[in-house]
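Chemist: Have a look at this prediction, sequence included:
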Amino acid sequence: MKNTRTATKEARLNAILDAATELLVEKPTASLNEIADCAGIGIATLHRYIESREQLMLQLGLRATNVVGETVSQIRLDEENDESYIKALIEVLIPLGDKIYFLTHETSLYFSAEMIAAEEKVKEPIRQAIKSLQLTGYFRQDMSSDWILEVLYSLLILTWQQVQQGHIAKKVAPKLVIDTLFHGVRTNTPAN
């Protein structure tokens, strides 16, 4: 019975955190009352799970890194077809754009050692894959793997924002990110 109760409480907390992430991406100054409303609960219920806004931000950040990390861990680097890893990564991360956006825009998370460690744990397998792709000549070696990783994250956030605003169709978003990451924005034939 206790495991079921714990699992139910964890699932409810995750639902609250997911609703809070969606609201805070749209309205970063949302109050705890607004967050409770968005989650479909009362403020007293919210306070049973979260004591303060600071704790909420940390929980949101940890939830985001957990979701992104679980997703990333399911993608395997195929050494015979290295580029498939980045394509698969982009396809699964674009729908998680709100989580990535929150991680990069919530400045209170920049100073949490727990948050920094959790985010680094998520980034490390991606960084290693990028290094592997650099060694095989797929990615340039004159750029650091951290630079390529941050460019990828930036493209994912921008693409997610553009999808949310209706400027890019969700189904073409991964191809746009891949084309931009691999080829930039320069045409193959310059204009005369």
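Modeler: Yes, it's here.
Chemist: For the longest helix along the chain, name the packing helices and strands.
Modeler: The longest helix of the chain (DSSP state H) is helix 2-26. The helices and strands touching helix 2-26, judged by 3 or more Cβ pairs under 8 Å, 6 or more residues apart in numbering; DSSP states H and E, are helix 32-39, helix 43-49, helix 53-73, helix 97-105. C-beta here means a position set from N, CA and C on the backbone, and glycine is covered the same way.
Chemist: Sort out which residues of that helix are buried, please.
Modeler: 16-21, 23-25 (16 or more other Cβ atoms under 10 Å).
Chemist: what's near enough to touch the most centrally placed residue in the chain?
Modeler: By Cα atoms, centre = their mean, the chain has its centre lying nearest to residue 100, at 2.6 Å. By Cβ atoms under 8 Å, 6 or more residues apart in numbering, the residues touching residue 100 are 64, 68, 93, 153, 156-157, 160.
Chemist: Just give me the closest of the buried residues of helix 2-26 to residue 34.
Modeler: Ranked by distance to residue 34 (Cβ to Cβ), the buried residues of helix 2-26 are led by residue 23 at 6.6 Å.
Chemist: So the closest one sits against residue 32, correct?
Modeler: No: when contacts are counted by Cβ atoms under 8 Å, residue 23 is not listed as touching residue 32 (10.9 Å).
Chemist: ok, and for the lowest-mean-pLDDT helix or strand in the chain, which residues are buried?
Modeler: Lowest by mean pLDDT, DSSP states H and E among the helices and strands of the chain is helix 97-105, with a mean of 76. Residues of helix 97-105 classed as buried by neighbour count (16+ other Cβ under 10 Å): 97-104.
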